[in-house]
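>>> just the structure for this:
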Amino acid sequence: MKKALRSLTAAAAVTLALASPASAEIFFQDTYLSVRNVWGDKQPGYHGEVDMQAANLTYANAWTYGSNLISIDFEQFGAGDRATSIGNTFLTPKSGYRSTSKSAEVYSVWRTTLSGNAISGTKNFAFGPISDLGLTLGFDWANQNDTNGIYKRFLVAGPTFSVALPKGFWNISLFISKEMTSSAFGKNNSVTYKPAPMLSTAWMYPFSVGKVDLTFQGLVNLVGSKGKGNPSGSTGGEEFMAHPKLMVDAGKLVGLKPGQFDAGVGYEYWYNKFGVTHQTGQG
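Numbering: from 1, shown residues only. From the prediction side, this is the model:
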């Protein structure tokens, strides 16, 4: 199942710099609120295209020994992708019920990275183009109440390489992932997949064109095959998701403080969302 999106995004950010007398300090906090409209969205279990409106709340910080990230997406799909509870998701509790309302999804991500350089107090984890090497732990939690009926719990762990850039950041992570899912396509709606490799990269690079400040940012995830999960289940296929976007500091253009309000465009492509493939009959 392919999911392709064209989106228009607006976002506002608030950054706080903190200091503490304790040995562990938070160097900065950034809270990022955004809304986006998406055209031509394709969802597993639905053959057509629908529009989507979404809001996102992201919180990030850097502290003495690394960094943390929490991101929560709230998504509302168009009328073609109706709400249901075939997958017994928490959003629609009545089993087997198919609503006339639009379906919805909540997708949350948490990551914490422990920095090798920060913990050791050295630069021993910097080499070549790599400025730092850390250990990242985290999870995804997702729930969607359409025909696909996904209730996803997804764990990741592995090294993260920080690429040296003159400004912004570029991180590349090599994870082992483990997914537990309730799905309309699993035996008794429950599937526990085998561990799978995952390649994840995220970047943010600010630049200027004349007096206009822009940021090219995004992420790419590639998850390997996860196996069947149970003998009668379908194989969780390889997933590929890319979400690049170009943002303009719109607040600065209208006289506001720089870095407070961005607007821009992006594109998202998600192949085999939640591992649901054409072989499941939902393609």
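>>> which parts of the stretch 51-200 of the chain are strands?
Taking DSSP state E, counting those that start in this stretch, the strands of the stretch 51-200 of the chain run over residues 66-77, 82-84, 98-102, 104-115, 130-144, 151-163, 169-182, 190-192, 196-209.
>>> looking at these, which is buried most?
With neighbours defined as mean count of other Cβ atoms under 10 Å, the strands of the stretch 51-200 of the chain peak in mean count at strand 82-84, which reaches a mean of 21. (Each C-beta comes from the backbone N, C-alpha and C, glycine too.)
>>> comparing the strands of the stretch 51-200 of the chain by mean pLDDT, which bottoms out?
Here the lowest mean pLDDT among the strands of the stretch 51-200 of the chain goes to strand 98-102, at a mean of 61.
>>> dump the strands of the stretch 51-200 of the chain into TSV; add distance to M247 as well.
Below are those laid out as TSV (distance: least, Cβ to Cβ, whole Å):
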stretch	distance to M247
strand 66-77	16
strand 82-84	32
strand 98-102	28
strand 104-115	19
strand 130-144	24
strand 151-163	20
strand 169-182	15
strand 190-192	37
strand 196-209	9
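>>> wait, which of those is closest to F28?
strand 66-77 (9.7 Å; Cβ to Cβ).
>>> check the offset of the closest one from the chain's centre.
7 Å (Cα atoms, centre = their mean, to the nearest Å).
>>> next, the angle from that strand to strand 196-209.
Angle of strand 66-77 versus strand 196-209, following axes from the mean of the first three to the mean of the last three Cα atoms, to 10 degrees, is 90 degrees.
>>> contacts for strand 66-77?
Outside strand 66-77, the residues that touch it by Cβ atoms under 8 Å, 6 or more residues apart in numbering are 41, 43, 50-61, 102-115, 118-119, 134, 138, 146.
>>> residue contacts, the spatially most central residue of the chain?
Closest to where the C-alpha atoms of the chain average out (Cα atoms, centre = their mean) is V109, at 6.0 Å. V109 makes contact with 69-72, 138-140 under the criterion Cβ under 8 Å, 6+ apart.
>>> and N124, how far from A164?
Going from N124 to A164 by Cβ to Cβ, to the nearest Å gives 15 Å.
>>> go on, N56?
Taking Cβ to Cβ, one finds N56 at 29 Å from A164.
>>> the two: who's more crowded?
Neighbours per residue (other Cβ atoms under 10 Å) separate N56 from A164, with N56 holding more: 17 against 12.
>>> tell me the confidence at that one?
pLDDT, N56: 94.
>>> and the one 3 residues further on, by the same measure?
What the model reports as pLDDT for Y59 is 95.
>>> with P44 instead?
Note for P44: predicted pLDDT of 67.
>>> heads up, I number from 417, so please use that
I'll keep to 417 as the first residue from here, and by that count the last item is P460.
>>> and the contacts of V525, which two are furthest apart?
Maximum pairwise distance among those (Cβ to Cβ): 13.5 Å, between I488 and G554.
>>> is it true that F443 lies in a helix?
No - using DSSP: H, G, I helix; E, B strand; the rest coil, the secondary structure at F443 is strand, not a helix.
>>> if we ignore the residues flanking it in sequence, what's nearest it?
Setting aside the residues directly before and after it, F443 is nearest to A478 in space (Cβ to Cβ, 6 or more residues apart in numbering), at 4.7 Å.
>>> could you find the closest non-adjacent residue to F677?
Per Cβ to Cβ, 6+ apart, closest to F677 is G667, 3.5 Å.
>>> please apply the same query to P674.
K668 is the one closest to P674 (Cβ to Cβ, 6+ apart), at 4.5 Å.
>>> the one you found sits in which helix or strand?
Assessed by DSSP states H and E, K668 sits inside helix 666-669.
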